[in-house]
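Trainee: Here you go, sequence then predicted model.
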Amino acid sequence: MSIRTRPLSVLSLATLAAATLAAAACSIPDMAPAAPQKTGAAVQDSVAFTRFLVPDGDQPNIEAGVWRAVGPVAAPRPLIVISHGTGGDFRSHLATAEGLARAGFVVVALTHTGDNWRDQSRATDLGGRTRQVSVLIDYMLTAWEGRGGIDAKQIGAFGYSAGGFTMLAAAGGEPDMTRMVEHCRSHPDYFDCRLVAKTPSTGSPAARDALVIHRDPRLKALVIAAPALGFTFAGKGLAGVTQPVQLWQAGADQILPAPSYVEPVRAALPKPPEFFRVEGAGHYDFMPPCSVQLKLFAPAICAPTPGFDRADFHETFDREVIRFFTTHLRVPSPRSAASEASVPGQSARFSPGTGPAS
C-alpha cells in the first residue's frame, strides 16, 4: 500500500507535523489530564480500553492506551506495541488496535513525548522515540495492572511512517543519517529535504553521532507501513533486523515517493519481508477513515485519495496485520475469526511479493 509517510529526517519530523498535522491538533478533542497510572477502563464491542500515563524517570510521563478483549483467556496473550507517525498520538491507529485486541492480543500504543499533535518540541529526537518504546514495554511487563496476562516472550511491533523508522531502529536497525546530504542534493524538492534545508547540520557526522538508538531484542515480529527515512538503512543498515517483517507501501505515496523510502528497507532486510504494495493508495490511507470532526480540521490527512476507498482498504489491511501477527506470535485459543483471514495476495488490489527489491 502506499501511505506516504512524511519523509522524516531528524529535522523533518518537527516541521512536517507543523505543516500537515498542526490542523489535526485542532481536530482531535483534547483529553483531561490522566491520573498518574490510569483512568477508568471503557468497554465497547467486546474490547476493554484504558488510557494511562507511564512514568519516564526525569522525563515527562508517556501517554498510552491499551486495548484487550473482554473475558477470560486460557493463557497469557502476546503484546503488540504501536508507534504513530509524526504529530499523531496513541489513537492514530485505533481501528487496527481494536481489531488486534479482538483477535487475542494485548495492544498498547503510546503518544511520543514531544512528537505529537499537541507538542512538536522534540520531533527531531528519533532516538528518543526508540527509548520511549522500551520504557513502555518495561512498564507493561513489570508495572501494568494486567501484566500477568501478557506473554513477555511474544511481543510484536507496529510502526507507521516515523513510527516505521522507530520500530526498525528499535528492532536492530542502524540508520546512517549522513545519507541525508546526498539524498537532498539529488532531491532538493522532496518534502523532507525542504525541511532539512532549514537545518543544514541534520546530515552531518555530528548529527549522526548524536542519534542514540535504544534497541529492544524483545521485539519478535514487525509490521512496518510507509517507513520514513528508509534510505538511511540502505546497504547493511538492517542486517540486525532478523525478525519476521510485514512491509507495506502506498502505490501513490506523494509524501514519501518511490524509490527512496520503502524500497531501500525491502532490499536491506536480511530475510525477505512479506511485502504489499497497495496500488492507488496515498500516504495517509494507512490511517483509519477520519471522523467528521477530523475531516473539518485536517483535510490534508482526511482528503480522499481519488479512486481509492480507505474504509474498504482498512478491512483488508487490518485483517492481514492480524493474520501476520497471529502467524508469528502465539495467540491463546479461541482465536478471533479475523485472525484466520486470507493469505498474502488474495486481493487483486495488492501487489504482494517476498524477495528483495530488484
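Mentor: Nice, thanks for sending it over. Residues are numbered from 1 along each chain as shown.
Trainee: Gln249 and Met167: what is the separation?
Mentor: Look at Gln249 and Met167: by Cβ to Cβ, to the nearest Å, they are 16 Å apart. Every C-beta, even on glycine, is put in place using the N, C-alpha and C of the backbone.
Trainee: how close does His328 sit to Arg51?
Mentor: Per Cβ to Cβ, His328 is found 28 Å from Arg51.
Trainee: Over to Glu320?
Mentor: Taken as Cβ to Cβ, the span from Glu320 to Arg51 is 27 Å.
Trainee: who's more crowded, these two?
Mentor: Between Glu320 and Arg51, Glu320 has the larger neighbour count (other Cβ atoms under 10 Å), namely 25 against 19.
Trainee: any idea how far Ala152 is from that one?
Mentor: For Glu320 relative to Ala152 (Cβ to Cβ), the value is 26 Å.
Trainee: for Thr327, same thing?
Mentor: 20 Å.
Trainee: and what of Glu145?
Mentor: According to Cβ to Cβ, Glu145 stands 16 Å off from Ala152.
Trainee: Over to Gly164?
Mentor: Relative to Ala152, and taking Cβ to Cβ, Gly164 is found at 24 Å.
Trainee: go on, Asn61?
Mentor: For Asn61, the distance to Ala152 - Cβ to Cβ - is 23 Å.
Trainee: Run a quick neighbour tally on Asp45.
Mentor: Neighbour number of Asp45 under other Cβ under 10 Å is 8.
Trainee: name the element the closest residue to it other than its chain neighbours belongs to?
Mentor: Using Cβ to Cβ, 6 or more residues apart in numbering and skipping the chain neighbours, the partner closest in space to Asp45 is Glu98 (7.4 Å). Using DSSP states H and E, Glu98 falls within helix 94-102.
Trainee: Next: Val81.
Mentor: strand 77-83.
Trainee: residues of that strand that come out buried?
Mentor: Residues of strand 77-83 classed as buried: Arg77, Pro78, Leu79, Ile80, Val81, Ile82, Ser83 (neighbour count, 16 or more other Cβ atoms under 10 Å).
Trainee: And the last one, how close does it get to Ala169?
Mentor: Going back to what we said before, that points to Ser83. Taken as Cβ to Cβ, the span from Ser83 to Ala169 is 10 Å.
Trainee: for the third one, same thing?
Mentor: When Cβ to Cβ is applied, the distance between Leu79 and Ala169 equals 19 Å.
Trainee: pLDDT at Glu274, what is it?
Mentor: pLDDT recorded at Glu274 is 98.
Trainee: Would you confirm that it contacts Val245?
Mentor: Yes - if you go by Cβ atoms under 8 Å, Glu274 and Val245 touch, sitting 7.1 Å apart.
Trainee: Which residue of the two possesses the greater neighbour count?
Mentor: Neighbour count, other Cβ under 10 Å: between Glu274 and Val245, Val245 has more, with 26 against 21.
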